[in-house]
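**Q** mind folding the following:
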Amino acid sequence: MANKTYSIVKRINDNMKKTHPKKSPDTASQTKNKTYEKSSIFVLLLSFVIFLGALFLIYSKDILNGAGEIFTSQSERIAEYETAAVVEIVNESVKAEEITDGSLSGSQELKVIIKSGRYKGEEMIANNYFYPLNGVPASKGDNVTLLIKTYADGERYASVYEINRIPVLAVFLLLFFLVVIKIGGLTGLKSLIGLIFTIICLFAILIPMLLKGAPTVLTTFIMCAYIALVNFTILGGIHRKTISAFLGTVSGTFLALVFGMAVQYLSKIDGYRLEDAEPLYQLKYAGVPIHIQGLLTASIIICALGAVMDVAMSISSSLEEVHTANPAYSRTELFRSGMNIGRDMVGTMTNTLILAFLGSEFTLIIFLYSRSMTFYHLFSTAFIVLETISGISSSIGMILAIPLTALISSTLIKKS
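**A** Alright, predicted model coming up:
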């Protein structure tokens, strides 16, 4: 009787399992991964739509109005930059300058054949002027970038703007891509895609928007947040670690922005004191509505973005590993682990940012130092203060991103 009862109960249990099968951990994990993938695809598609919308808003007016007037004045056409090949050196005068370690200066008259634009296939005579600080002598067979001016009466004038260095640059870029993919694998490939997207956003969207008069600081911050979102989605999809990294990045970058603006206000300095601001100042006088004053803060935001993204992703990924190894850890313990990991990054990352900023202006520092200025007065000059503000502001944002990311990540992990 007992055996019969046991057999009946077993059949009932088997039927219930068939009717209501219990999900295995693998099935639950697969369901969660599919959800992550759908969310990631949705975010990437939405980001792509935003990207196309931004391009349309920037360039639609130019497209609808046509290319613009051919002649900007009664005499001269808009300057055109075209690629050309040197077929003959007609005349040249070159000498070596002893004071500049043997660097060459002089001029050349070159016969070139145009390889792009509306003059493609035509031969022209182009002048090439060079000296130690600008330009280099061209040789037969070199590819060059020409500046061509066409006047209303049909007369044309061509001069060598620069040697075409794209082939050399392309080889080094290819080498860089191969190294990244070979060492980084799929993650390296994803990082390259994110890098290309970042460059496209900066050159195709951000800079044109600033030239059209968009608010410098706000536009740059929103663009950097958008770049961070897309990059994190490409790298890790929509996952709690990428969400933590994104929120930490936005928070850290915002704090770098705030700190930079506060120091600029107190030190009475802004984007007009940047070393390369003079050409933009001339553009502003010519009618380009760019806001130069906020460019210093914009440069801080862009420079801080890379370091803050690196730190934020490292912290959030590390805490995910800690949680996987020790699921019983509380939110406080996870936060402390994130802080311990972040402290090891502070020293090297801070040195990297400060040295990067100072290294970019190393020649200027040498010049100022040669004027026998004391360190007190040297570090009070506008150019040194600019670099110091940029480096310290970026470092502040990067350092403060550590506790913020640790807090966000530990909270999301325990809530999940």
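**Q** which parts of the chain are helices?
**A** Ranges of helices in the chain, per DSSP state H, are 2-19, 25-64, 166-201, 207-211, 216-236, 240-267, 277-285, 295-325, 331-360, 362-369, 375-378, 382-415.
**Q** nearest to Y157, out of those?
**A** helix 277-285 (21.5 Å; C-beta to C-beta). For the C-beta atoms, the positions are set from N, CA and C on the backbone; glycine is no exception.
**Q** domains in the chain, by residue range?
**A** Structural domains annotated on the chain: 80-164, 167-415, as defined by automatic domain parsing.
**Q** end to end, how far does the longest one reach?
**A** When you say that, I think you mean domain 167-415. 52 Å (C-alpha to C-alpha, to the nearest Å).
**Q** which one of the domains of the chain lies nearest to F56?
**A** For F56, the closest of the domains of the chain is domain 167-415, at 10.9 Å, according to C-beta to C-beta.
**Q** now the closest one: mean pLDDT?
**A** Domain 167-415 shows a mean pLDDT of 87.
**Q** excluding its backbone neighbours, what's nearest A298?
**A** T220 (4.0 Å; C-beta to C-beta, 6 or more residues apart in numbering).
**Q** residue contacts, that neighbour?
**A** Residues in contact with T220 (C-beta atoms under 8 Å, 6 or more residues apart in numbering) are 206, 210, 294, 297-298, 301-302.
**Q** now do 10 Å
**A** Contacts of T220 were listed using C-beta atoms under 10 Å, 6 or more residues apart in numbering, and they are 202, 206, 209-210, 214, 253, 257, 294-295, 297-302, 305.
**Q** one more: G260?
**A** So G260 contacts 217, 296-301, 304, 389-390, 392-394, 396-397 (C-beta under 10 Å, 6+ apart).
**Q** switch the cut-off to 8 Å
**A** Counting by C-beta under 8 Å, 6+ apart, G260 has contacts 296-297, 300-301, 389-390, 393.
**Q** now swap in L368 and tell me
**A** 378, 381, 383-384.
**Q** for E37, which of the domains of the chain is the nearest?
**A** Closest approach to E37 among those is made by domain 167-415 (6.7 Å; C-beta to C-beta).
**Q** what about the closest one, distance to the chain center?
**A** Averaging C-alpha positions (C-alpha atoms, centre = their mean, to the nearest Å) puts domain 167-415 9 Å from its chain's average.
**Q** please apply the same query to stretch 404-416.
**A** Relative to its chain's centre, stretch 404-416 lies at 27 Å (C-alpha atoms, centre = their mean).
**Q** now do the buried residues in it.
**A** 404-410, 412-413 (16 or more other C-beta atoms under 10 Å).
**Q** distance to G347 for those residues - can I get that in CSV?
**A** Below are the buried residues of stretch 404-416 laid out as CSV (distance: C-beta to C-beta, whole Å):
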residue, distance to G347
L404, 19
T405, 18
A406, 17
L407, 22
I408, 23
S409, 22
S410, 23
L412, 28
I413, 27
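**Q** tell me which two of the residues you listed sit farthest apart.
**A** L404 and I413 (14.9 Å).
**Q** identify the residues contacting stretch 185-199?
**A** 177, 180-182, 184, 227, 230-231, 234-235.
**Q** in PyMOL, how would I select just the buried ones from the residues you listed?
**A** Restricted to buried positions by 16+ other C-beta under 10 Å, the PyMOL selection for those reads:
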select buried, resi 180+227+230+231+234+235
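**Q** ok, back up a step: any chance of TSV for the contacts of G260, columns neighbour count and distance to A245?
**A** Below are the contacts of G260 laid out as TSV (neighbours: other C-beta atoms under 10 Å; distance: C-beta to C-beta, whole Å):
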residue	neighbour count	distance to A245
L296	25	27
T297	26	23
I300	29	20
I301	25	17
I389	24	26
S390	27	23
S393	29	21
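**Q** what residues does stretch 92-107 touch?
**A** 108-109, 127-132, 136-137.
**Q** first to last residue in that stretch, what's the distance?
**A** OK, stretch 92-107 end separation, C-alpha to C-alpha: 6 Å.
**Q** how about that stretch, which residues are buried there?
**A** Using 16+ other C-beta under 10 Å as the test for burial, stretch 92-107 gives 105-106.
**Q** now it: mean pLDDT?
**A** 83.
**Q** stretch 37-51 now?
**A** On average, the pLDDT along stretch 37-51 is 89.
**Q** hmm, I384 and E275 touching each other?
**A** No. Contact status for E275 versus I384: not in contact, 11.3 Å apart, counting by C-beta atoms under 8 Å.
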